[in-house]
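Q: Using only what follows, build the 3D model:
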Amino acid sequence: MYQRRFEKNPFLVNVEDLPHDLQEEAIELQFNSLAKDSFESMPLENFWVKL
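A: I've put the predicted structure just below:
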């Protein structure tokens, strides 16, 4: 459930609610301003492919 929320918007999910193996990746992503700009400016599918 939380992993699906992470996929839809990785910048809003509470990292502690994710499986342990995704937490570090989520933290890095949430503090990456370029990734956030990309997320806000392109379709979701393109964002994940770009990463």
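Q: Give me the number of neighbouring residues for the residue lying closest to Asn9 once chain neighbours are set aside.
A: Of all residues not flanking Asn9 in the chain, Phe39 sits nearest, at 7.6 Å (CB to CB, 6 or more residues apart in numbering). In this view, the C-beta of every residue, glycine as well, is placed from N, C-alpha and C. With neighbours defined by other CB atoms under 10 Å, the count for Phe39 comes to 19.
Q: tell me which element Phe39 is part of?
A: helix 33-41 (DSSP states H and E).
Q: which strands and helices sit next to that helix?
A: helix 44-50 (3 or more CB pairs under 8 Å, 6 or more residues apart in numbering; DSSP states H and E).
Q: what's next to the helix it packs on, contact-wise?
A: Glu7, Lys8, Ala35, Ser38, Phe39, Met42 (CB atoms under 8 Å, 6 or more residues apart in numbering).
Q: dump the residue contacts of the third one.
A: Translated: Ala35. Leu29, Phe47, Leu51.
Q: By pLDDT, give me the weakest of those residues.
A: Ranked by pLDDT, the contacts of Ala35 bottom out at Leu51 (86).
Q: That one: what's it in contact with?
A: When contacts are counted by CB under 8 Å, 6+ apart, Leu51 is found next to Leu29, Ala35.
Q: distance of it from Glu24?
A: Per CB to CB, to the nearest Å, Leu51 is found 15 Å from Glu24.
Q: these two touch, right, Val19 and Gln3?
A: Heads up, residue 19 is Pro, not Val. Yes: using CB atoms under 8 Å, Pro19 is in contact with Gln3, at 6.7 Å.
Q: picking that back up, can you list the contacts of helix 44-50 in a markdown table and add pLDDT?
A: A markdown table is the format used below for those (pLDDT from 0 to 100):
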| residue | pLDDT |
| --- | --- |
| Glu7 | 92 |
| Lys8 | 95 |
| Ala35 | 97 |
| Ser38 | 97 |
| Phe39 | 97 |
| Met42 | 97 |
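Q: Fine by me, we can end here.
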